[in-house]
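**Q** Predicted structure and sequence below. I'll ask about it afterward.
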Amino acid sequence: MNDKVQESIQYLKQCSIVENESSRLYETLSRKINQPESSYVLGLAYDSLKNSKIIQAVLDYFDPEEIENKNTKKNLTELAAETAMLFKKASKIYNLDYLPSCEILKQLITLEDTMGRAYKNYLQTNAPKTLAEELSKSVTINFVNFKKIFENFIEEKIKHRGILVDIMYSLELKDTEIHRKIMPLVKYQNPDAWIHESTIHTFANPPLNTNAEP
C-alpha cells in the first residue's frame, strides 16, 4: 500500500470519527429539546451515523494495522475532539433553554459546514481516484460511483445546515411567544428587559472556520 492510499484512508478514518461523534451529539441534543424540533435533530443523528458506517465499510477493505499511527490532519483531529467535548457538555445539561440550545446549534452549523468542506476538498484531490483503484482490486467499484458517495455527503451537509437554521428560527419563535405573554408586566417594571434580539441573522452566509484538506 503506497503512502497516498494510506493518507487517504487515514483522512477518511478521521471523517468517520467526526461523523460518529456528531451522531452521538445530535442524539443527546434531541433528548434535551421539545418536539417537533427534537425529531429533526434525531434525524440528523441518524444521517451522521449512516455516513460514519458508510466510510467505515470502505475502510474495512484495508488492513487496520497498515494505517495505524499514521499522521492525521490536525484540523480534523481537533474537530473530532471538539465535537466529543460538546457532546459531554450537552450530556450534563438536563434541559436546554432557548439561548444554550442556540449556542450549541451554532456550533453544529459550523460543524456541518466544515465537514462539507472536508468532503469537497477530498474530491478535489487525486485521493478518491487512487483509493478507488486500490479498492477495485478487492471489490467491483469504479471512480464515478465512489465519487458519488462523497458528493451525496456534501449535499446532505447543505441540507443539514438548512434544517439547523430552521430549528433555530422555530426555537426563537417559541421564545418570542413566551416573552410576548409576560411582556406587559416586565415592560412596566423594566421597559428594555423584554426586547429580544434575533440570533439568526448571522447565519445568512457565514464563513467556514476550518478548512480540512486531505
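**A** Perfect, I can see it now.

**Q** Would you list the phi and psi of Glu19?
**A** phi -60, psi -40 (degrees, to the nearest 10).

**Q** wait, what's in contact with it?
**A** With contacts defined as CB atoms under 8 Å, 6 or more residues apart in numbering, Glu19 is in contact with Ser48, Leu49, Asn51, Ser52, Ile55, Met115. Where C-beta positions appear, they are placed from N, C-alpha and C, glycine not excepted.

**Q** Nearest to Tyr11 among those?
**A** If you rank the contacts of Glu19 by distance to Tyr11 using CB to CB, Ile55 comes first, at 10.0 Å.

**Q** ok now do the closest one, which residues does it touch?
**A** With CB under 8 Å, 6+ apart, Ile55 has these contacts: Leu12, Lys13, Cys15, Ser16, Glu19.

**Q** hmm, back to that, pLDDT, distance to Tyr122 and secondary structure for the contacts of Glu19 - can I get that in TSV?
**A** TSV is the format used below for those (pLDDT from 0 to 100; distance: CB to CB, whole Å; DSSP: H, G, I helix; E, B strand; the rest coil):
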residue	pLDDT	distance to Tyr122	secondary structure
Ser48	96	17	helix
Leu49	97	20	helix
Asn51	96	13	helix
Ser52	96	15	helix
Ile55	95	11	helix
Met115	94	11	helix
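
**Q** Closest one of those residues to Glu78?
**A** The nearest member of those to Glu78, counting by CB to CB, is Met115 at 13.2 Å.

**Q** In which helix or strand does the residue nearest to the closest one when sequence neighbours are not counted reside?
**A** Of all residues beyond its chain neighbours, the one nearest Met115 is Lys157 (5.6 Å), with distances taken as CB to CB, 6 or more residues apart in numbering. Per DSSP states H and E, Lys157 falls inside helix 143-189.

**Q** can you list the weak-confidence ranges in this structure?
**A** Within the chain, the stretches with pLDDT under 70 are 1, 64-74, 95-98, 175-214.

**Q** Tell me which stretches of it form helices.
**A** 3-30, 37-59, 64-67, 74-91, 98-123, 127-135, 143-189 (DSSP state H).

**Q** from the chain's centre, how far out does the fifth one sit?
**A** Relative to the chain's own centre, helix 98-123 is displaced by 5 Å; criterion: CA atoms, centre = their mean, to the nearest Å.

**Q** do the first one as well
**A** Taking CA atoms, centre = their mean, one finds helix 3-30 lying 10 Å from the centre of the chain it belongs to.

**Q** Could you give the number of residues near Lys129?
**A** By other CB atoms under 10 Å, 14 other residues sit near Lys129.

**Q** right, and it touches Phe143 too?
**A** Yes. Counting by CB atoms under 8 Å, Lys129 touches Phe143, with 5.1 Å between them.

**Q** Can you tell me which residue is spatially central in this protein?
**A** Glu112 (3.7 Å; CA atoms, centre = their mean).

**Q** Pull up the distance across stretch 116-132, start to finish.
**A** This stretch, stretch 116-132, spans 20 Å end to end (CA to CA, to the nearest Å).
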